[in-house]
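In: Need coordinates for the below:
(one chain, ligands or ions: 1)
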Amino acid sequence: MPRELFVPVDIRDSAYDDRPLSIGYGQTISQPYIVAVMTEAIQLTGKEKVLEIGTGSGYQSAILGELAKEVYSTERIPELAEAARKLLDVLGYTNINIKVTGKDLGWKENSPYDAIIVTAAAPSLSDTLLNQLAVGAKLVIPVGSRWEQELLKVTRGEFRNTIENLGSVRFVPLIGKDAWDEYS
Ligand code: SAH
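Out: Numbering: from 1, shown residues only. Here you go, the predicted model:
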């Protein structure tokens, strides 16, 4: 995936550094290593319908577009959603759908999903998102404080969910109803 296309032109020289980079609006494109960890955790085979929370640059969406059947991605900043949509169109992806969302988490209309990846930090496990997962499906989500989180992989069971900790991470905050207030 040509990461240089997903970062602002003036920092293209840094596109292949293994670290997050600023994409404007106080947001970042995730570290490539973390994108790999999250993508690997949902074990795609090519048949899945996947939801991503936090389109940002569209980089993770594009990777999911390569590996899953259908991708739904939500973003709260309209300018980022629009730029990502344009770029993904130019790159020829026809299986990636992007929506600008308000306070409600996820994209309920197209649920249940086979996997959900949350690319912003949540204060707790969101029931709203767990309810959009099919039984047996996986949710990968950073949960913790605004500054430091644990990356959790939750597999939805019929009666109870199983949770695996994939390690410590640092993401920009998830903003909205089940998450943080924009100005807190
Ligand atoms: N996956 C992105 C990472 C972007 S950073 C990439 O590959 O570039 C996380 C993004 O989540 C930010 O763009 C931020 O605006 C967005 N975000 C924060 N809260 C959100 C919410 N409740 N719903 C959707 N997007 C949200």
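
In: Now do the contacts for Lys153.
Out: 41, 138-140, 163-166 (C-beta atoms under 8 Å, 6 or more residues apart in numbering). In this view, the C-beta of every residue, glycine as well, is placed from N, C-alpha and C.

In: same for the top strand by length along the chain, what does it pack against?
Out: Using DSSP state E, we find that the single longest strand of the chain is strand 133-144. If you count contacts as 3 or more C-beta pairs under 8 Å, 6 or more residues apart in numbering; DSSP states H and E, strand 133-144 packs onto helix 32-41, strand 113-118, helix 127-130, strand 149-155.

In: Buried members of the contacts of Lys153 into PyMOL, please.
Out: The following PyMOL line selects those of the contacts of Lys153 that are buried, judged by 16 or more other C-beta atoms under 10 Å:
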select buried, resi 41+138+139+140+166
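
In: With distance to the ligand and pLDDT added, can I get the contacts of Lys153 in TSV?
Out: Output for the contacts of Lys153, formatted as TSV (distance: C-beta to the nearest ligand atom, whole Å; pLDDT from 0 to 100):
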residue	distance to the ligand	pLDDT
Ala41	15	98
Lys138	17	98
Leu139	14	98
Val140	12	98
Ile163	21	98
Glu164	21	98
Asn165	21	98
Leu166	16	98
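
In: which of the helices and strands packed on strand 133-144 sits most buried?
Out: strand 113-118 (a mean of 25; mean count of other C-beta atoms under 10 Å).

In: which stretches of the protein have low pLDDT?
Out: Along the chain, segments meeting pLDDT under 70 span 183-184.

In: how does it look with 90?
Out: The chain contains residues with pLDDT under 90 at 102-104, 177-178, 182-184.

In: Show me which residues of it sit near the ligand.
Out: 27-30, 53-54, 56-57, 59-60, 74-77, 80, 101, 105, 119-120, 172, 174-176, 179 (C-beta under 6 Å from any ligand atom).

In: now, which of the residues you listed lie within strands?
Out: Going by DSSP E, the strands hold 27-29, 53, 74-75 from those.
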